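**Student:** With the input below, show me the fold.
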Amino acid sequence: MKTLYLDCSMGAAGDMLTAALLELLPDQEEFLSQLNALGIPGVTIEKEKMSKCGIGGTHIRVKVHGVEEGDDSRHHHTHHHTHHHSGMHDVEHIVHHLPVTDKIRKDILAVYHLIAEAESHVHGVPVTEIHFHEVGTMDAVADVAAVCLLMDKIAPDRVAASPVHVGSGQVECAHGILPVPAPATAYILREVPTYGGEIRGELCTPTGAALLKYFVMEFGGMPVMRTTAIGYGMGSKDFPAANCVRAMLGETESAGDVIVELNCNVDDMTGEAVGFAMETLFDAGALEVYTVPIGMKKSRPGLLLCVMCRTEDKESMVRLLFQHTTTIGIRENTFKRYTLDRSVEMAETPYGRIRKKISTGYGVTRQKYEYEDLAKAAREHQVSVSQILARL
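**Tutor:** So this is what the prediction gives:
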């Protein structure tokens, strides 16, 4: 599985993420040309080599009309005392006119809405009344667009990241001195594992937080992976530790996932009622539902009804089991599940287009044609399923 791991042990900012992901590409200059050709008003983007604590990497400079956003300013805090500002409507207008695919446009807007929602919550005003400083706005749009384009180009199957180091102390912004992490950053990163530490300063910006929140699927330790490329995205400030985001691209095997088994015994339900309960559970998202004949108290024959589901679906499955069966008690077990990665291809055959399911992983590849497609073709051509399979 193609996996991207982001080491955020020194936080994250939009330019640092851009630089780290850019280093994973073999055609960096071509991508920078594409980025500068987007037509973001007044924006020019440059890269430069930079070293932190003896580690070489890339630093990204974003200039708006020749002005670079200050190292200590925050890109997104609401401003009421400047003539040069933009609202969410202006940002949406810019993004809608970028020459990018609909998917990338959707990604950019989704990330920016995370930032706007955080500012709205912090300042207690509707999203429509949030105003961003002109230079910071264009700088952030460039960062967000760059990362969204890079993520689309790299196209990882799995994106993981370390817990996020947010820094400590205070940061100065347009409203005065605020605690670290800044309120907008803290709001965006709720439910994400974060930590402070001895390093004084703001390590994670709202833009960096929103990009992590949107793209990262899981936070934790680095998975077991065969790394093929490593990128270092450098920040401007100097700290005792190397101020960078490290991006590692490689291959991982499926790490497995956790599923829940719910089971109960019933001896007073008709076959039709059991069948209806099973269909209802499947429709609600159960991974598997099955029955096993069992002997119960007083020698009564009965059924063991088992439901396999995702952990987040457990409560709804419990409710459905009580609603659609006669049981008065449900048992729960938790299991780790390992699965092959699955995909579907459309195969051109003498009998028309037939879906082929492909499962890979752990050194195994399996292929199987979709039975419903085989059956349909057999009926249409008046042959047996085995005859079709013999010619595939």
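**Student:** Now do the helices for the stretch 101-250 of the chain: every range, in order, please.
**Tutor:** Taking DSSP state H, counting those that start in this stretch to define them, one finds helices in the stretch 101-250 of the chain at 102-123, 134-154, 183-188, 206-215.
**Student:** pull the helix or strand with minimum mean pLDDT from this protein.
**Tutor:** Among the helical and strand segments of the chain, the one scoring lowest on mean pLDDT, DSSP states H and E is strand 131-133, with a mean of 59.
**Student:** which one of the helices of the stretch 101-250 of the chain has the most crowded surroundings?
**Tutor:** Per residue and on average, the most neighbours among the helices of the stretch 101-250 of the chain fall to helix 206-215, with a mean of 26 (mean count of other Cβ atoms under 10 Å). Quick note: C-beta positions are derived from backbone N, CA and C, even for glycine.
**Student:** hmm, back to that, export the helices of the stretch 101-250 of the chain to JSON lines and tack on mean pLDDT and distance to residue 18?
**Tutor:** What follows is these, written out as JSON lines (pLDDT from 0 to 100; distance: least, Cβ to Cβ, whole Å):
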{"stretch": "helix 102-123", "mean pLDDT": "91", "distance to residue 18": "13"}
{"stretch": "helix 134-154", "mean pLDDT": "86", "distance to residue 18": "4"}
{"stretch": "helix 183-188", "mean pLDDT": "94", "distance to residue 18": "18"}
{"stretch": "helix 206-215", "mean pLDDT": "95", "distance to residue 18": "9"}
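**Student:** Let me know which of those helices is the nearest to residue 237.
**Tutor:** The stretch from these with the least distance to residue 237 (Cβ to Cβ) is helix 206-215; that distance is 13.7 Å.
**Student:** Run through who's touching the closest one.
**Tutor:** With contacts defined as Cβ atoms under 8 Å, 6 or more residues apart in numbering, helix 206-215 is touched by 6, 8, 11-14, 16-17, 74-76, 107, 110-112, 114-115, 118-119, 140, 143-144, 147, 151, 159, 161, 164, 181-182, 184-185, 188-189, 192.
**Student:** Now with 7 Å, please.
**Tutor:** Counting contacts by Cβ atoms under 7 Å, 6 or more residues apart in numbering, the residues outside helix 206-215 that touch it are 8, 11-14, 16-17, 74-76, 110-111, 114-115, 118, 140, 143-144, 147, 151, 159, 161, 164, 182, 184-185, 188-189, 192.
**Student:** Also stretch 90-109?
**Tutor:** Taking contacts as Cβ under 7 Å, 6+ apart, the residues outside stretch 90-109 that touch it are 38-41, 112, 137, 141, 144-145, 148-149, 152.
**Student:** Ok, stretch 372-390 next?
**Tutor:** Contacts with stretch 372-390, where a contact means Cβ under 7 Å, 6+ apart, come from 351-352, 354-355.
**Student:** Among the residues you listed, which are located in strands?
**Tutor:** Members of the contacts of stretch 372-390 lying in strands (criterion: DSSP state E): 352, 354-355.
**Student:** so which of these comes closest to residue 341?
**Tutor:** Among the ones in strands among the contacts of stretch 372-390, residue 355 lies closest to residue 341 (Cβ to Cβ), at 16.7 Å.
**Student:** For the closest one, which residues count as its bridge partners?
**Tutor:** Residue 355 has the following beta-bridge partners by DSSP bridges: residue 346.
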